[in-house]
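K.L.:
how would this look folded up:
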Amino acid sequence: MDSWTEYLLLFAAGCVAGTLNVIAGGGSFLTLPILIFLGLPPGVANATNRVGLLLQNIGAVWSFRRDGVLDLRALVWAAAPATLGAVLGTWLALVVSDLAFQRILAFLMVIISLWSLWSPHSKKHSPPQEATPSTLRLLAVSAAFLMIGVYGGFVQAGAGFLILAATTAAGLDLVRGNAVKVLAVLCLTTLSLGIFAWQGRVDWGVGLVLGCGTALGGLWGARLTVLKGHRWVQRVVTVTVILFALKLWLAP
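P.N.:
Model (predicted):
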């Protein structure tokens, strides 16, 4: 990257992606292709994208916690297993070739977008309003977060949709589910980014520009989620999924 236009594009994409990631998910389906288009190798783009996700979720966690909708007990049943799974996922991302990663990313963009059309969080009923899942649900949900962590460590794009499905199945509404989501993503991203940085895969200059945008977008997204409530978030999730599906369908 060698022009202010490219940096402004990246910052703007970060703002949009950060807002989408906190409200629903899938923002990395926007930023990853842009990073690759701007000249980063796919593996470096995947690692560098985590800088934006880290800064975005620091702001989002702070905002949800300030508004009283984040229960830190989710560190045990959501964030911990997700972070453990991210170790395996990050290792897989490090050993796969750039060409293979780019093809896997294109495949996942289609699969996750189609899956999210019928996933539990996009349905029109209102889930039970539970602050914390029941004990029986915790085991199944923790296992789901372990697998989501593997996915998140590998690519992370679309992980928000998977996490919202898990938290909805656990009995959380979309506001509290989003709060748990940003906490889990913050924890797994911190570990994953550290491993990528240790292996020299991160372009810090590009990542920090992207991160400034995603951090601002994350604050907007968290605030909009709390102010607008469950039904509004539900509509945004549905619209987001449809837009991604149309983009994939119309792409050459």
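K.L.:
C-alpha from now on. contacts and neighbour counts both.
P.N.:
Will do.
K.L.:
My guess is Met147 contacts Ala82. True?
P.N.:
Yes: contact criterion Cα atoms under 8 Å: Met147 and Ala82 qualify, at 7.2 Å.
K.L.:
neighbour-wise, which of the two wins?
P.N.:
Comparing Met147 with Ala82 by other Cα atoms under 10 Å, the one with more neighbours is Ala82, at 30 against 21.
K.L.:
what residues are up against Ala47?
P.N.:
Taking Cα atoms under 8 Å, 6 or more residues apart in numbering as the criterion, Ala47 is in contact with Leu193, Phe196, Ala197, Arg201, Val202.
K.L.:
Figure out the helix or strand that the third one lives in.
P.N.:
Under the criterion DSSP states H and E, the helix or strand holding Ala197 is helix 174-198.
K.L.:
Mind giving me the ChimeraX select for the contacts of Ala47, buried ones only?
P.N.:
Only the buried entries of the contacts of Ala47 go into this ChimeraX selection, using 16 or more other Cα atoms under 10 Å:
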select :193,196,201,202
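K.L.:
Between the contacts of Ala47, which sits nearest Gly221?
P.N.:
Leu193 (22.4 Å; Cα to Cα).
K.L.:
Relative to Ala86, how far out is the closest one?
P.N.:
Separation of Leu193 from Ala86 (Cα to Cα, to the nearest Å) stands at 10 Å.
K.L.:
Tell me where the model's unsure across the stretch 1-150 of the chain.
P.N.:
Scanning the stretch 1-150 of the chain for pLDDT under 70 picks out 1-2, 24, 113-134.
K.L.:
tell me the contacts of the residue lying closest to Gly158 once chain neighbours are set aside?
P.N.:
Spatial nearest neighbour of Gly158, chain neighbours left out: Gly26 (4.3 Å); criterion: Cα to Cα, 6 or more residues apart in numbering. Gly26 makes contacts with Ala17, Leu20, Ala157, Gly158, Ala159, Gly160, Phe161, as judged by Cα under 8 Å, 6+ apart.
K.L.:
Which of the three states applies to the first one?
P.N.:
On the three-state scheme (DSSP: H, G, I helix; E, B strand; the rest coil), Ala17 is labelled helix.
K.L.:
show me the contacts for the closest residue to it other than its chain neighbours.
P.N.:
Of all residues not flanking Ala17 in the chain, Gly27 sits nearest, at 4.0 Å (Cα to Cα, 6+ apart). Residues in contact with Gly27 (Cα under 8 Å, 6+ apart) are Val16, Ala17, Gly18, Thr19, Leu20, Asn21, Ala157, Gly158.
K.L.:
7 Å instead, please
P.N.:
By Cα atoms under 7 Å, 6 or more residues apart in numbering, Gly27 lies in contact with Ala17, Gly18, Leu20, Asn21.
K.L.:
Do I have it right that the second one meets Leu210?
P.N.:
No: with contact defined as Cα atoms under 7 Å, Gly18 does not count as touching Leu210 (9.6 Å).
K.L.:
Looking at those two, which one has more neighbours?
P.N.:
Set Gly18 next to Leu210 and count neighbours by other Cα under 10 Å: Gly18 wins out with 36 against 32.
K.L.:
what separates that one from Leu162, distance-wise?
P.N.:
17 Å.
K.L.:
Where do the helices of the stretch 151-252 of the chain begin and end?
P.N.:
159-169, 174-198, 204-250 (DSSP state H, counting those that start in this stretch).
K.L.:
Go through the ones you listed and name the closest to Phe101.
P.N.:
Among the helices of the stretch 151-252 of the chain, helix 174-198 sits nearest to Phe101 (Cα to Cα), with 15.0 Å.
K.L.:
That closest one - contacts with which helices or strands?
P.N.:
Counting contacts by 3 or more Cα pairs under 7 Å, 6 or more residues apart in numbering; DSSP states H and E, helix 174-198 packs against helix 4-23, helix 42-66, helix 80-95, helix 159-169, helix 204-250.
K.L.:
Next, format those as JSON lines and append distance to Leu108.
P.N.:
JSON lines is the format used below for the helices and strands packed on helix 174-198 (distance: least, Cα to Cα, whole Å):
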{"stretch": "helix 4-23", "distance to Leu108": "17"}
{"stretch": "helix 42-66", "distance to Leu108": "14"}
{"stretch": "helix 80-95", "distance to Leu108": "14"}
{"stretch": "helix 159-169", "distance to Leu108": "11"}
{"stretch": "helix 204-250", "distance to Leu108": "11"}
